[in-house]
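Q: can you look at this prediction? I've put the sequence above it.
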Amino acid sequence: MVKIRILKEQQMSDAEQMTIDSILKEKSVISFDFDNTLVKSFPDIDDDGELIYINGGSNAAMIRLMSDLIDDPSKKVYLVTSRNQEADERVPETSIETMLNKLNLSPDGFFYTNGNRKVTKLEELGVQIHFDDDVKEHEALKGSEIQVFYPDDFLEDTMNVSKVVAVTLDNKVLLLKRTDTGEFDLPGGHGKDGETAAYTAIRETQEETALELFGIKQISTKKVTFQGRDEQITYFYAKLNEMSEVLKNEINLDTNENSEFYFVDPQFIDDFMSNATQNLKNMGNSIKSLTVDEQMEPFQKKMAKGYSKKKKITIGQGGNKYVSPAYSEKPSYERAKSAPVGFGGSLEELLTEIEFDLSKLVMRDTLCPGVWVGEKIIPEIRKKLLQIAEDFVEDTPIEGRVEDITFTGSLAGYNYYDGSDIDLHILVDFDENDELVQQLMNALRINWNNSHDIFVEGHEVEIYVQDANEKHYSSGVFSLQDDKWLQKPVRDEVEIDKNAVVNKAKGISDEIDAIQDDYDAERYEEVQNTARRLREKLKKMRSTGLEDEGIYSVENLAFKLLRNSGQIGKLMSFQSDAYDKSLGYGQKNKIKVNIIKNLDEKKKKRRKKRKKTRFHGVYYPYGGLQDTFGGSSSGDGGDGGGGE
């Protein structure tokens, strides 16, 4: 059950009244979101591995405002939530109706959007002003006549600061580089009136990086004087529920506060201390004490135990406000592809949980609002994408030969999701003599994509060099050069024969696994021949499916399932390893050749190999032998909230 702490009712301050009056003016229809707009809470996992929601405080300003507006007969006041109605009503003690009664609020009506964006319902109700904490709701309302405001903007910052040591499942610590000072820092910032210190850490981390924290626990508190202000800093430890490689693609940095991010192995934290904030230095010893055995394994066990319930809620069968189930049938609740080693699954499970995350196949009502206004691309984004393409093409063999630059993929259609890439295609009229040029450009674009992390509205830009004579399969194709649609996307619902996809993928998967016998018997030529045959079979299968039924064909989806389950990578490894083995000769001992730039570097490498003296204790440069997590302390050792 979510326990609600309701702040004492009181009249609005003069400052609050003036601010609200200037916004409302003559507006008569106002609406509010519920979760983290009126009442704050955050999900976590208890000691039994069960999903729970922890009280994070409340927004007294929003509660008072809604109460005053309800009492005003000239106003219509609605509550519009993206919670799933069926799931919400299934748990009466935490339902919105119950919470509104506890808050003594009786709006003119409240409505569920069941995981969909609220814009359609708000327009239907004639809403003029809406209060909502979700940045995606703000993006969806761009271009409409509805004004939308963040509820926390009406709260004062407190002198309480929360900072968090956020650790990935592969035991890397998230560090941020502050935009204002260029120093390395921990996520976090100043609290808002009415919220708990733990909620501040979670909210600030999400605002700065768009990442969610779990398993949060307090390390210590410290009273400091910073720029003449007396502040209390609370340090937390928390988990990021993904591996660092996955999070690199999911992080969406607020560059107004931080310019860069790093996932750092705790043993290398010293490398960042010469340019660190005092908050990071204060946590230096705690970070160096993090070990895989002590921190990662217990959390993984706990997450594995509670993951099934958490996933049910995520897909709309519990108290989550974002996503509703896309299909009536029940998917697998086993661990998905981003899980740590040991949480595997069959092809059937991978079908549901990896490529076919059901939310990825839900058709949206509009094109991505962060990229498009209606069916028009945002001019600044078009300009940026053209610049990226031009920079890539410069000084390459295709310079001067580009016929068009197109934007394609799911973000050029209605089936986009948060992890969708911006597919930037550079079209060139290759002829039969350009085979080597095509191979070179493919290598160059792979190197470019690996060397650059360019994000536009939170979506990574991926470059492709496409033969203008080849047909490209996508829901939509937009010419950036001509600023027009070459193929307008159509909002069609998708029906997938999942059994057919699994059966087709499983047949080829079994053939790939069978190669192991030839490899173990050292029949390397047979391995190479089989691998080449299967790769050609995969190519023809996918091509046939795309031509016949498009991107949602059984053949194309089977290919993606094999790719995302690791089977295609396994096939390519078999072929490569068999080639290496077939050309090897003699003993297995390897001769390692090192090219040393200078004698000093050679000496350094020798020194690294010397056996170091082992101590029974652990010494840290920031305070000698210490416990992993200290208790409360006070002094002038902090540097304020940073990232406010």
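A: Ah, there it is.
Q: from A140, how far off is the closest residue to D365 other than its chain neighbours?
A: Excluding the flanking residues, the one nearest D365 by C-beta to C-beta, 6 or more residues apart in numbering is T120, at 6.5 Å. C-beta: built from backbone N, CA, C; applies to glycine. To A140, T120 is 9 Å away according to C-beta to C-beta, to the nearest Å.
Q: more neighbours: these two, which one.
A: Per other C-beta atoms under 10 Å, whichever of T120 and A140 has more neighbours is A140, with 25 against 13.
Q: list residues touching both of T120 and A140?
A: Counting by C-beta atoms under 8 Å, 6 or more residues apart in numbering, T120 and A140 have no common neighbour.
Q: avg pLDDT for the helix or strand hosting L427?
A: Take DSSP states H and E as the rule and L427 turns out to sit in strand 422-428. Summarised as a single mean, pLDDT over strand 422-428 is 93.
Q: off-centre distance for it?
A: 24 Å (C-alpha atoms, centre = their mean, to the nearest Å).
Q: pLDDT value on the residue nearest to D365, please?
A: Confidence score, pLDDT, at T120: 94.
Q: how near is it to T366?
A: T120 is 9 Å from T366, where distance means C-beta to C-beta.
Q: in which helix or strand would I find the residue nearest to P397 when sequence neighbours are not counted?
A: Among residues not flanking P397 along the chain, V437 sits closest, at 4.9 Å (C-beta to C-beta, 6+ apart). Taking DSSP H and E as the criterion, V437 maps to helix 435-451.
Q: with I23 instead?
A: Residue-wise, I23 maps onto helix 14-24 under DSSP H and E.
Q: list the buried residues for the helix ranked longest in the chain?
A: Looking across the chain with DSSP state H, the single longest helix is helix 524-549. For helix 524-549, the neighbour count (16 or more other C-beta atoms under 10 Å) marks Y524, V527, Q528, T530, A531, L534, L538, M541, R542, G545, L546 as buried.
Q: same thing with stretch 118-125?
A: For stretch 118-125, by 16+ other C-beta under 10 Å, it's K118, V119, K121, L122, L125.
Q: and the strand holding L427 with helix 435-451, angle?
A: Following axes from the mean of the first three to the mean of the last three C-alpha atoms, to 10 degrees, one obtains 160 degrees for the angle between strand 422-428 and helix 435-451.
Q: packing partners of strand 422-428?
A: When contacts are defined as 3 or more C-beta pairs under 8 Å, 6 or more residues apart in numbering; DSSP states H and E, strand 422-428 sits against helix 379-393, strand 402-408, strand 459-467.
Q: can you list the buried residues in the shortest one?
A: Using 16+ other C-beta under 10 Å as the test for burial, strand 402-408 gives V402, D404, I405, T406, F407, T408.
Q: same list (those) but as JSON lines, adding pLDDT.
A: Formatted as JSON lines, the buried residues of strand 402-408 follow (pLDDT from 0 to 100):
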{"residue": "V402", "pLDDT": "94"}
{"residue": "D404", "pLDDT": "95"}
{"residue": "I405", "pLDDT": "96"}
{"residue": "T406", "pLDDT": "95"}
{"residue": "F407", "pLDDT": "94"}
{"residue": "T408", "pLDDT": "90"}
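Q: nearest to N55 among the residues you listed?
A: Nearest to N55, judged by C-beta to C-beta, of these is F407 at 44.1 Å.
Q: show the pLDDT at the spatially most central residue of the chain.
A: For the chain, the residue nearest the mean C-alpha position is E250 (3.0 Å; C-alpha atoms, centre = their mean). For E250, the pLDDT comes out at 90.
Q: and the strands in the stretch 201-350 of the chain, which stretches?
A: Secondary structure of the stretch 201-350 of the chain (DSSP state E, counting those that start in this stretch): strands at 213-226, 229-240, 258-264.
Q: against which helices or strands is the second one packed?
A: Put plainly, it is strand 229-240. Counting contacts by 3+ C-beta pairs under 8 Å, 6+ apart, strand 229-240 packs against strand 157-167, helix 197-209, strand 213-226, helix 278-282.
Q: quick one: closest of those to G374.
A: Per C-beta to C-beta, nearest to G374 of the helices and strands packed on strand 229-240: helix 197-209, 28.4 Å.
Q: could you list the buried residues of the closest one?
A: Result for helix 197-209 [16+ other C-beta under 10 Å]: buried residues 197-209.
Q: report the angle between it and strand 213-226.
A: Using the same axes, to 10 degrees, the direction of helix 197-209 lies 100 degrees away from that of strand 213-226.
Q: what does helix 197-209 rub up against?
A: The contact list for helix 197-209 (C-beta under 8 Å, 6+ apart) reads 40, 42, 54, 56-57, 152, 160-164, 166, 174, 176, 187-192, 195, 211-213, 216, 218, 234, 236, 238, 251-254, 257-258, 261, 643.
Q: next, the distance between the ends of stretch 98-118.
A: In terms of C-alpha to C-alpha, to the nearest Å, the two terminal residues of stretch 98-118 are separated by 22 Å.
Q: give me the buried stretch members for it, please.
A: For stretch 98-118, a neighbour-count test (16+ other C-beta under 10 Å) marks 98-100, 103, 105, 107, 110-118 as buried.
Q: narrow those residues to those in strands?
A: Among those, the members falling in strands are F110, F111, Y112 (criterion: DSSP state E).
Q: which of the residues you listed sits closest to F268?
A: Nearest to F268, judged by C-beta to C-beta, of those is Y112 at 47.8 Å.
Q: and for the nearest residue in space to that closest one that is not next to it in sequence, the neighbour number?
A: Spatial nearest neighbour of Y112, excluding adjacent residues (C-beta to C-beta, 6+ apart): Q85 at 3.8 Å. Q85 has 16 neighbours, counted by other C-beta under 10 Å.
Q: same check on G228?
A: So G228, with other C-beta under 10 Å, has 5 neighbours.
Q: just the buried residues of stretch 118-125: which are in helices?
A: Among those, DSSP H puts V119, K121, L122, L125 in helices.
Q: where's the nearest residue to K163 once chain neighbours are set aside relative to D520, distance?
A: With sequence-adjacent residues excluded and distances taken as C-beta to C-beta, 6+ apart, K163 is closest to G188, at 3.8 Å. Distance from G188 to D520, counting by C-beta to C-beta: 52 Å.
Q: okay, the two: which has more neighbours?
A: Between G188 and D520, counted using other C-beta under 10 Å, the more crowded position is G188 (30 against 9).
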